[in-house]
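Asks: Coordinates for the following, if possible.
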Amino acid sequence: MTHVMFDKPIPYKERGRTFDGCDCWGLVVLYYQHIKGILLPHFTDEYTTTKDEDALDRLINNKKSLWLPVEPNAVQNDDLITFRLHGKVSHIGLVIDAKRKLFFHQLGKRCFSGIENYNTHLFWRQSIDGFHRYQPTDGN
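Replies: As a prediction, the model looks like this:
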């Protein structure tokens with residue numbers, strides 16, 4: 001990340017949507033708001049805990065239609081990447097360098113935000129659910 005607001009790791013906070021702490025969707029919300037000037041829905045009323053992988057799976061699958069699906073060979077910076085963990089689509093990251101296949105995401109409940117490669121890291125490569133691109137709607 002080259003933007004100063006994202007130079008420091010952001011702590012994990014369940015359902016958080018601020019630089020003081022956020023979960024994986026909160027990180028996407030912050031990035032789109034502060035870098036792209038786009039306000040995304042917070043969805044905090046749609047799940048109570050990130051441990052509820054069934055709720056996250058339903059939420060992500062229901063909301064993916066708001067984003068254009070992207071073929072892996074057409075991924076661009078700022079596209080979303082979704083992951084299937086424990087058989088459920090329950091993690092989201094943000095592609096920040098499509099050429100080098102880097103994504104920005106929350107690394108875990110006891111960790112901070114960070115950058116990883118989604119292609120060379122076997123765990124992430126095998127867990128990819130898909131890529132999605134923001135598409136403005138009348139409300140956004």
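
Asks: where does the protein dip in pLDDT?
Replies: Residue ranges of the chain with pLDDT under 70: 1-5, 138-140.

Asks: That one: helices as residue ranges?
Replies: Counting by DSSP state H, one finds helices in the chain at the ranges 24-31, 53-63, 122-127.

Asks: Return the distance of the second one from the chain's centre.
Replies: Centroid separation between helix 53-63 and its chain, computed with C-alpha atoms, centre = their mean, to the nearest Å, is 13 Å.

Asks: rewinding a little: any chance of the helices of the chain in a markdown table with mean neighbour count as columns?
Replies: Every residue, glycine included, has its C-beta placed from N, CA and C. Supplementary listing: the helices of the chain in a markdown table, determined by neighbours: other C-beta atoms under 10 Å:
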| stretch | mean neighbour count |
| --- | --- |
| helix 24-31 | 23 |
| helix 53-63 | 17 |
| helix 122-127 | 13 |
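
Asks: Minimum distance to Ser90: which of those has it?
Replies: Nearest to Ser90 among those is helix 53-63 (4.1 Å), distances taken as C-beta to C-beta.

Asks: Which neighbouring elements make contact with the closest one?
Replies: Judged by 3 or more C-beta pairs under 8 Å, 6 or more residues apart in numbering; DSSP states H and E, the packing partners of helix 53-63 are strand 88-97.

Asks: Can you tell me what sits against the strand it packs on?
Replies: 1, 24-25, 27-28, 31, 50, 53-54, 56-57, 60-61, 75-85, 101-105, 115, 118, 127, 129, 131 (C-beta atoms under 8 Å, 6 or more residues apart in numbering).

Asks: Figure out which of the helices of the chain is closest to Arg110.
Replies: Nearest of the helices of the chain to Arg110, taken as C-beta to C-beta: helix 24-31 at 14.3 Å.

Asks: State the distance from Gln126 to Thr137.
Replies: Per C-beta to C-beta, to the nearest Å, Gln126 is found 32 Å from Thr137.

Asks: The helices of the chain into a markdown table, with extra columns for distance to Arg15?
Replies: Shown next, in a markdown table, are these (distance: least, C-beta to C-beta, whole Å):
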| stretch | distance to Arg15 |
| --- | --- |
| helix 24-31 | 7 |
| helix 53-63 | 11 |
| helix 122-127 | 22 |
